[in-house]
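Enquirer: what follows is a predicted protein model with its sequence.
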Amino acid sequence: MSDSPASRYLAVGGNDAALALEEAFDLLVRSDFPNKTYLANFEIPGIVQRRDIGPGQVFNFREIGELTDPQNYTEGTEMLGESYAFDNGSVTLDPYVVRHNFLPMGQVEDDQWEPVMPLVREHVEGHARLVDKRGFAMLTAAARASAKTKTGTDGSTSHVIHNGGNVVERIGATGITAAYPATKTGAHQLRDDIAQGQQLAAEDDAPYGGITAFMPHYLKRVLAKDDRSFDRDLSSNTNDLNAYDIAVVDGVRCVFTNNLPSTNIGATDLGGTAALNLPTKYQGDFRFNGATGQPVVLMAWGADNGRAPIGYVTRSGPQTFTEFQQRKLGTLLGSYHRFGWGIIHPPGSVEIRVKNA
């Protein structure tokens, strides 16, 4: 009986499983990325306007100015069309960001542990963290943005494109723990600031929609000190004291994250290098004792029709590559991502910040 051909159909060079490795690495990075990022996963509807893009560097999102109030009309009078104004919010693509690792073939053969899965996790989480950190810096910039106007089609009427973002400020001499101590008093102060943020945005005609508040995990501990957060006699909220689950406060969905900006972000931070600086749109001093203060809660309103507070453009999310290098007898694993954030409609954003004075 002759032998069956045992073609090594997964082989590339000296690596018998190279094609399987390539497919598994790519599949895991692509599928797991949306589960690791808050701002780019879009399970929180409307707070980010996303566009998957093709060729180009700058991508525009249309903004429309507020029209004048309707006016009394006398039948028979000719309607010539009232003044209006459009403008563009733009999002610029950032340079590529990459992660890469080299696996020597001998080390892989000798290792009793499989190295790819831990590396996949690090690649996915690294890209997700960077997307969120840059996105939260942009959401802070949206909340700090000034009002914007534009002359209408009649050449004289000034139309309000938007009223800018909103800021609630609280003094904390030594930072967030001084501004919001982990006590009932601290919890009440935080809830009042969240309510004030809602008020300010509503008064600036923020789009109607669900509100999400992003904040550090420390503030979850603060909110847990307030018995009202768990009072089912007064509301049907989803908070659970025993499960330490705080999902909604005063109608605002709470999301706890480590990725809000809190440092002096410069050209070589958040993936920037001396050779290729971090884009200036993300840079700023976000320390509590800096010139402006530290964002400790960022609120975003869900909206449609181009009125989300920030926009995100990407070319299909993170991509991967694997290459068996015969000259080095090893495999190069890599992942790369190109994306960008920009301000779209600031009234849908509020920054609650802490300053030292």
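Expert: Everything's here; your move.

Enquirer: quick one: the helix or strand hosting Gly334 to chain centroid distance?
Expert: For Gly334, the host element (DSSP states H and E) is strand 330-337. Computed by Cα atoms, centre = their mean, to the nearest Å, the chain-centroid distance of strand 330-337 equals 25 Å.

Enquirer: what of stretch 54-72?
Expert: That offset, for stretch 54-72, works out to 22 Å (Cα atoms, centre = their mean).

Enquirer: buried ones in it?
Expert: Buried residues in stretch 54-72, counted by 16 or more other Cβ atoms under 10 Å: Phe59, Phe61, Glu63, Ile64, Gly65. (Each C-beta comes from the backbone N, C-alpha and C, glycine too.)

Enquirer: those residues in helices, which ones?
Expert: Using DSSP state H, no member of the buried residues of stretch 54-72 falls in helices.

Enquirer: any chance of CSV for those, columns distance to Val222 and pLDDT?
Expert: Below are these laid out as CSV (distance: Cβ to Cβ, whole Å; pLDDT from 0 to 100):
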residue, distance to Val222, pLDDT
Phe59, 39, 80
Phe61, 36, 78
Glu63, 36, 81
Ile64, 39, 82
Gly65, 40, 83
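
Enquirer: returning to that earlier point: average pLDDT for the strand holding Gly334?
Expert: For strand 330-337, mean pLDDT is 86.

Enquirer: quick check: next helix or strand after it?
Expert: strand 339-343.

Enquirer: residues in contact with that following strand?
Expert: The list of residues contacting strand 339-343 from outside it, by Cβ atoms under 8 Å, 6 or more residues apart in numbering, reads 40, 61, 89-94, 131, 134-135, 137-138, 141-142, 145, 279, 281-282, 309-315.

Enquirer: go with 7 Å
Expert: 89-94, 131, 134-135, 138, 141-142, 145, 310-314 (Cβ atoms under 7 Å, 6 or more residues apart in numbering).

Enquirer: ok, back up a step: could you export the strand holding Gly334 as PDB, CA atoms only?
Expert: The C-alpha coordinates for strand 330-337 follow below in PDB (Å, rounded to 0.1, in the frame of the first residue of the first chain):
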ATOM      1  CA  GLY A 330      11.600  33.500  13.000                       C
ATOM      2  CA  THR A 331       8.200  35.000  12.600                       C
ATOM      3  CA  LEU A 332       7.400  38.700  12.700                       C
ATOM      4  CA  LEU A 333       3.900  39.400  14.000                       C
ATOM      5  CA  GLY A 334       2.500  42.900  13.500                       C
ATOM      6  CA  SER A 335      -0.700  45.000  13.800                       C
ATOM      7  CA  TYR A 336      -1.400  48.400  12.500                       C
ATOM      8  CA  HIS A 337      -4.200  50.900  12.600                       C
END
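
Enquirer: partner strands of that strand and their direction?
Expert: strand 97-104 (antiparallel), strand 319-325 (antiparallel) (DSSP bridges).

Enquirer: what angle do the longest one and strand 339-343 make?
Expert: Orientation of strand 97-104 against strand 339-343 (axes from the mean of the first three to the mean of the last three Cα atoms, to 10 degrees) gives an angle of 160 degrees.

Enquirer: equivalent analysis for the shortest one, please.
Expert: Using the same axes, to 10 degrees, one finds that strand 319-325 and strand 339-343 are set 160 degrees apart in direction.

Enquirer: buried set for strand 319-325?
Expert: Quick answer for strand 319-325 (16+ other Cβ under 10 Å): Gln319, Thr320, Thr322, Glu323, Phe324.

Enquirer: again, but for the first one
Expert: When neighbours are counted by 16+ other Cβ under 10 Å, the buried residues of strand 97-104 are found to be Val97, Val98, Arg99, Leu103.

Enquirer: same check, this time on stretch 152-167
Expert: Gly152, Thr157, His159, Val160, Ile161, His162, Asn163, Gly164, Gly165, Asn166, Val167.

Enquirer: helix or strand: which one has the last one?
Expert: Using DSSP H and E, the element containing Val167 is strand 166-171.

Enquirer: return that strand as CSV; C-alpha atoms alone will do.
Expert: Extracted in CSV, the C-alpha atoms of strand 166-171 (Å, rounded to 0.1, in the frame of the first residue of the first chain):
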residue,chain,number,x,y,z
ASN,A,166,-20.0,73.2,28.4
VAL,A,167,-17.8,72.9,31.5
VAL,A,168,-18.6,72.4,35.2
GLU,A,169,-15.7,73.2,37.5
ARG,A,170,-15.1,72.1,41.1
ILE,A,171,-12.1,73.1,43.2
